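Enquirer: Predicted coordinates and the sequence they were generated for:
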Amino acid sequence: MERVKPLRLLLVDDEEPARLRLRRMLEKHPDLVEVVGEAHDGKSGLSQFRELQPDVVFLDVQMPPPNGLEVAAELADEAEPPWVIFLTAFADHAVKAFELKALDYLVKPVSAERLQSTLQRLREQRNDGDEWREAVSESLQKAMPSAPTLERVALLDPVTENRLIVPIEKIDLFLSREERCYARTGGQEYLLQNTMSRLESCLSPALFFRAHRCFLVNVNRILQVIPWFNGAYNIKMLDGTEVPLTRRKVAAFKEKVEFL
């Protein structure tokens, strides 16, 4: 049987002694993880992530801006988001906020027993393909703070540079492509200075649904739901655009749009 490659791991913490100690602990588990890089702040952490493309990021929460949650929000919109394990010095109310599905947290100083538990969780949840990536992206999105609900957006016409004011219910969908975000309405796409996670945090969940990590669809602008492979579906919008509905999203979609 072919040996499974260890998960590639990036450490992001502004405290060098804490990074060194955790690295030494992680290096005792070469069968599961390989530390491929370290970063001392959120900005360099994002830069190293994009250069190294690790599978896992150990991410300190309390850092100078961008802090851990802000970095996690950026990672959620990457084409292949990593597993994020939060590091925190607080063991009380702060920890509760990080108990998110498919994520974990470690309280500093990290004990060998607690790290072992985290690595076991990674081992159990490791999977291949889009289902893994969807789970990670979905989990990181839950770390986003809530924001006021959008009622309208000002879309930039790239030719005239005029702004088109559009009620949010008129937007067919938002999509991510090549690390850029777009709004689609009236058969046209408009570039946005935003990320999918930030958009999702300020859209009405009654109106918009994250069908895939790259697509937020207006449920009132759906025309058809077409069965696809392995329990997945394709969503056909009123303007003819087709959007994948991944298997792990099907149950939540059926709760929102009742299947009779």
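Expert: Great, that's in hand.

Enquirer: buried ones in stretch 180-192?
Expert: 181-185, 189-190, 192 (16 or more other CB atoms under 10 Å). (Each C-beta comes from the backbone N, C-alpha and C, glycine too.)

Enquirer: Quick one: end-to-end distance for that stretch.
Expert: Between the opening and closing residues of stretch 180-192 there is a gap of 8 Å (CA to CA, to the nearest Å).

Enquirer: Quick one: distance of it to the chain centre.
Expert: Relative to its parent chain, stretch 180-192 has a centroid offset of 21 Å by CA atoms, centre = their mean, to the nearest Å.

Enquirer: List the contacts of the nearest residue to residue 163 once chain neighbours are set aside.
Expert: The spatial neighbour of residue 163 that comes closest, neighbours along the chain excluded (CB to CB, 6 or more residues apart in numbering), is residue 154 at 4.3 Å. Contacts here follow CB atoms under 8 Å, 6 or more residues apart in numbering; on that basis residue 154 touches 163-166.

Enquirer: So among these, which ones count as buried?
Expert: The buried subset of the contacts of residue 154 - by 16+ other CB under 10 Å - is residue 166.

Enquirer: can I have the helix or strand containing residue 155 written out in CSV, keeping just the CAs?
Expert: Using DSSP states H and E, the secondary-structure element containing residue 155 is strand 152-156. Presented in CSV, the C-alpha positions along strand 152-156 are these (Å, rounded to 0.1, in the frame of the first residue of the first chain):
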residue,chain,number,x,y,z
ARG,A,152,-28.4,47.3,-2.4
VAL,A,153,-25.0,47.3,-4.1
ALA,A,154,-23.3,49.9,-6.3
LEU,A,155,-21.8,48.0,-9.3
LEU,A,156,-19.1,49.6,-11.4
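
Enquirer: partners of that strand in the sheet?
Expert: Looking at strand 152-156 with DSSP bridges, its partner strands are strand 163-167 (antiparallel).

Enquirer: What's the first helix or strand after the strand it pairs with?
Expert: From strand 163-167, the next helix or strand downstream (DSSP H and E) is strand 173-177.

Enquirer: How about residues contacting the next helix or strand after that following strand?
Expert: Heading C-terminal from strand 173-177, the first helix or strand you meet, by DSSP H and E, is strand 180-185. Outside of strand 180-185, the residues that reach it under the criterion CB under 8 Å, 6+ apart are 77, 153, 155, 166, 170-176, 189-192, 194-196, 199, 239, 241.

Enquirer: could you flag which of those residues are buried?
Expert: Judged by 16+ other CB under 10 Å, buried ones among the contacts of strand 180-185: 77, 153, 155, 166, 171-176, 189-190, 192, 194-196, 199, 241.

Enquirer: my guess is residue 214 contacts residue 176, does it?
Expert: Yes. Between residue 214 and residue 176 there is a contact at 4.4 Å, judged by CB atoms under 8 Å.

Enquirer: what touches both of those two?
Expert: Residues touching both residue 214 and residue 176 comprise residue 196, with contact defined as CB under 8 Å, 6+ apart.

Enquirer: need the strands for the stretch 51-200 of the chain, in chain order.
Expert: Across the stretch 51-200 of the chain, reading from the start of the chain, the strands by DSSP state E, counting those that start in this stretch fall at 56-60, 83-88, 104-107, 152-156, 163-167, 173-177, 180-185, 188-192.

Enquirer: Residue 225 is nearest to which of these?
Expert: Taking CB to CB as the criterion, residue 225 comes closest to strand 173-177 out of the strands of the stretch 51-200 of the chain, the separation being 14.3 Å.

Enquirer: model confidence over that closest one, on average?
Expert: Here the mean pLDDT over strand 173-177 is 93, rounded to a whole number.

Enquirer: could you give the angle of that strand to strand 152-156?
Expert: Relative orientation of strand 173-177 and strand 152-156, computed by axes from the mean of the first three to the mean of the last three CA atoms, to 10 degrees: 50 degrees.

Enquirer: For the strands of the stretch 51-200 of the chain, which has the smallest mean pLDDT value?
Expert: Mean pLDDT per stretch puts strand 104-107 lowest among the strands of the stretch 51-200 of the chain, at a mean of 84.
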